[in-house]
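[1] for reference, the sequence and a predicted model appear below.
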Amino acid sequence: MQEGNRLVKQAYRCAKQAILCGKYGPGEALFESHLATDLGMSRTPVREALQLLAREGFVEANPARGYLVPRFTAEDMRELFEVRESLEGMATRAAALYASNAEIEELERICDEYEAAKNDVDTWTKLGDEFHSRIIDASRNRRLAIILESLRDQIMLCRRSSFQGGQYRRDDALREHLAILNAIKSGDGDAAEQHARIHVRHSHEAALRTFSRHSDLSSLPKTP
């Protein structure tokens, strides 16, 4: 039983990482047999791993083709960012009340490194993730952290798409992070939550702009 659980977890992690890193793109099929061969294991743990991924929204069951990587719509994006805005606003309010001096210093370090990373999108993404993760840790709410952890990877994907807005969004995001940090430093829960919600809302708007551009381009006729 323990060996079976270990293989399920391994298959789950590997398949999920492949989706997150873009090895399998939107609309692409994932077959139990192919994944099992790639991972060097039987189909049973792979099947259970795909069922877990389907429950979390990373794949969709398709009777004819096994499982598909979903194509996110503007409505999916709206739902995700609405949840993120509420939960991260709540977490940031709590962080303003409970963050230690050491945690505030860590947030300052992250903002400094973010500002220094001029044209490195991967670094911005990593530091943005770390900034929000540190705030969640400082909220001192384990249940809230667990809920946000379950959304973390989908949030990360949407956050990455917002960085595709380029330098303009990077500079705005830095200003928004600094406003959040200053509210936490001053212990102002109301301001911290407000700035966090504004930040998420602006990230949503940037992600929608990117989504709209890609949708417009994909609808154009292909040239021979």
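    Thanks, I have the structure now.

[2] next SSE downstream of the helix or strand of the chain with the lowest mean pLDDT?
    Counting by mean pLDDT, DSSP states H and E, the chain has its least confident helix or strand at helix 142-163, which shows a mean of 73. Scanning forward in sequence from helix 142-163 by DSSP states H and E, the next helix or strand is helix 167-185.

[3] what's that following helix packed up against?
    helix 74-98, helix 101-116, helix 121-138, helix 142-163, helix 189-219 (3 or more Cβ pairs under 8 Å, 6 or more residues apart in numbering; DSSP states H and E). Just so you know, the C-beta spots here come from the backbone N, C-alpha and C atoms, and that holds for glycine as well.

[4] mind checking which of the ones you listed is nearest L39?
    Of all the helices and strands packed on helix 167-185, helix 142-163 sits nearest to L39, with 19.4 Å by Cβ to Cβ.

[5] any weak-confidence spans in this structure?
    Along the chain, the model assigns pLDDT under 70 to residues 1-4, 156-168, 213-224.

[6] so which helix or strand takes in the residue nearest to L7 when sequence neighbours are not counted?
    Using Cβ to Cβ, 6 or more residues apart in numbering and skipping residues adjacent in sequence, the residue nearest L7 is P45, 3.8 Å away. Taking DSSP H and E as the definition, one finds P45 inside helix 43-56.

[7] how about that helix as CSV, C-alpha atoms only?
    C-alpha atoms of helix 43-56 as CSV (Å, rounded to 0.1, in the frame of the first residue of the first chain):
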residue,chain,number,x,y,z
ARG,A,43,-0.8,2.4,-15.4
THR,A,44,-2.6,2.1,-12.1
PRO,A,45,-0.7,4.8,-10.2
VAL,A,46,-0.7,7.0,-13.3
ARG,A,47,-4.5,6.6,-13.5
GLU,A,48,-5.0,7.7,-9.9
ALA,A,49,-2.6,10.6,-10.4
LEU,A,50,-4.6,11.9,-13.4
GLN,A,51,-7.8,11.6,-11.4
LEU,A,52,-6.3,13.8,-8.7
LEU,A,53,-5.1,16.3,-11.2
ALA,A,54,-8.6,16.3,-12.7
ARG,A,55,-10.2,17.1,-9.3
GLU,A,56,-7.8,20.0,-9.0
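
[8] for the nearest residue to E48 once chain neighbours are set aside, what are its contacts?
    Leaving aside its sequence neighbours, E48 sits nearest to V8 (Cβ to Cβ, 6+ apart; 4.7 Å). Neighbouring residues of V8 by Cβ atoms under 8 Å, 6 or more residues apart in numbering: 45, 48-49, 52.

[9] hang on, V8 is in a helix, isn't it?
    Yes. Counting by DSSP: H, G, I helix; E, B strand; the rest coil, V8 is located in a helix.

[10] that one and A191, how far apart?
    From V8 over to A191 the distance is 44 Å, taken as Cβ to Cβ, to the nearest Å.

[11] and if you look at F211?
    Per Cβ to Cβ, F211 is found 30 Å from A191.

[12] N119 too?
    Using Cβ to Cβ, one gets 31 Å for the distance from N119 to A191.

[13] more neighbours: the two, which one.
    Neighbour totals were compared for N119 and A191, and A191 leads with 18 against 9 (other Cβ atoms under 10 Å).

[14] list the contacts of the closest residue to that one other than its chain neighbours.
    Spatially, and ignoring its direct neighbours in sequence, A191 is nearest to A183 (3.9 Å; Cβ to Cβ, 6+ apart). Counting by Cβ under 8 Å, 6+ apart, A183 makes contact with 92, 96, 191-192, 194-195.
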